[in-house]
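Peer 1: the sequence isn't on hand, but the structure is:
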DNA sequence: ATGTAAATCGTAATTATTATTATTTAGAAA
DNA sequence: TTTCTAAATAATAATAATTACGATTTACAT
């Protein structure tokens, strides 16, 4: 997901092009790892002191709902990162040190297709946690 | 996990047998689904009005660290339930209506054994969410 | 029975998140 | 370009989950 693509999505959905959104998206573009709302706010407020909680949380929610960002829960906190490019369904290895991810093309649901016939399956989560080669 | 087993573990680790622990464990034994700390506190305070936040959260943390309870994050909230009996590693289908679970004996890590040689794998999570036959 | 560390209670503090209101701004329309 | 209006934002307050603290009580070893 690059900036142009993100703005296309925002425009398609009638959202305005604001400097704060630009700043947030630029940060996520440059720094492709999982960040908490607090991480984001701390970094942003260095360069742009007037950035409020409301703006951060509201835009994070907007971006997630539009598929620009993806969200997961790590160590009890919500984390966000740019949604990856690849179209195919996949999962993630997540480095618990630096937050970087590696795509895992395998999906375990493929192997349990009809294993739960009486159940309604709405969603699933498969994540692998550890240390990436750089942090190991 | 039954009450006797839970108490064995607590005793082995030098924890005292208190009435509050008994009350909490009995509730989880009877009601084998995922509950939030708040759910627990609300139910407990009906029968035992003097049950403080501190006691609930402290014991939940203790029980999780000893493997008596297991914990997961559902809809943005921490949930707890009795750790299941079965010794073999497994995963869960979780009903998002009633919180009941179904064991999934398959583990996706089996199929990615050596797929990430340069990475240190510390943990993983695989959960399936939806509605159980009763709630569907 | 007694002593002591652990556990609990009642409450306060902390932290993440959401909500509110006044003000500002992007983008459309005149 | 100027003006208008809904959307976005800032500043702050409110809410909710969780953790922390000091005083008191309790389990259990001696």
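Peer 2: That came through, no problem. Everything numeric here is computed off the predicted structure, so don't read it as measured data. Residues are numbered from 1 along each chain as shown, chains lettered A, B, ... in the order given.
Peer 1: for DNA strand D, what are the nearby residues on chain A?
Peer 2: Contact residues (C-beta under 7 Å from any atom of the strand) of chain A with DNA strand D: A:15-16, A:18, A:20-21, A:48, A:50-55, A:58-59, A:76. For glycine as for every other residue, the C-beta is placed from the backbone atoms N, C-alpha and C.
Peer 1: most neighbours out of those residues, which is it?
Peer 2: residue A:59 (21 neighbours; other C-beta atoms under 10 Å in any protein chain shown).
Peer 1: surely it meets residue A:20?
Peer 2: Yes: here residue A:59 reaches residue A:20: they are 7.0 Å apart, a contact under C-beta atoms under 8 Å.
Peer 1: is the helix or strand of chain A with the lowest mean pLDDT up against DNA strand C anywhere?
Peer 2: None of the helices or strands of chain A scores lower by mean pLDDT, DSSP states H and E than helix A:37-47, at a mean of 89. Yes: using C-beta under 7 Å from any atom of the strand, we find that helix A:37-47 touches DNA strand C at A:37-38.
Peer 1: for that helix, what is the distance to the chain centroid?
Peer 2: Relative to its parent chain, helix A:37-47 has a centroid offset of 16 Å by C-alpha atoms, centre = their mean, to the nearest Å.
Peer 1: what is the subsequent helix or strand relative to that helix?
Peer 2: Next in sequence after helix A:37-47, counting helices and strands by DSSP states H and E, comes helix A:53-65.
Peer 1: hmm, that following helix in reach of DNA strand C?
Peer 2: Yes: against DNA strand C, helix A:53-65 shows contacts by C-beta under 7 Å from any atom of the strand at A:53-54, A:57, A:61.
Peer 1: please apply the same query to stretch A:71-91.
Peer 2: Yes: remark: stretch A:71-91 sits within contact range of DNA strand C at A:77-78, by C-beta under 7 Å from any atom of the strand.
Peer 1: neighbouring contacts of that stretch?
Peer 2: Applying C-beta atoms under 8 Å, 6 or more residues apart in numbering or on different chains, the contact partners of stretch A:71-91 are A:1, A:28-29, A:32-38, A:40, A:60, A:63-64, A:67-70, A:92, A:94, A:96, A:99, A:101, A:103-107, A:125-129, B:73, B:76, B:78.
Peer 1: what's the answer for stretch A:127-136, then?
Peer 2: Identification of contacts with stretch A:127-136 by C-beta under 8 Å, 6+ apart yields A:72, A:74, A:91-98, A:100, A:102, A:104, B:109, B:112, B:116, B:118-125.
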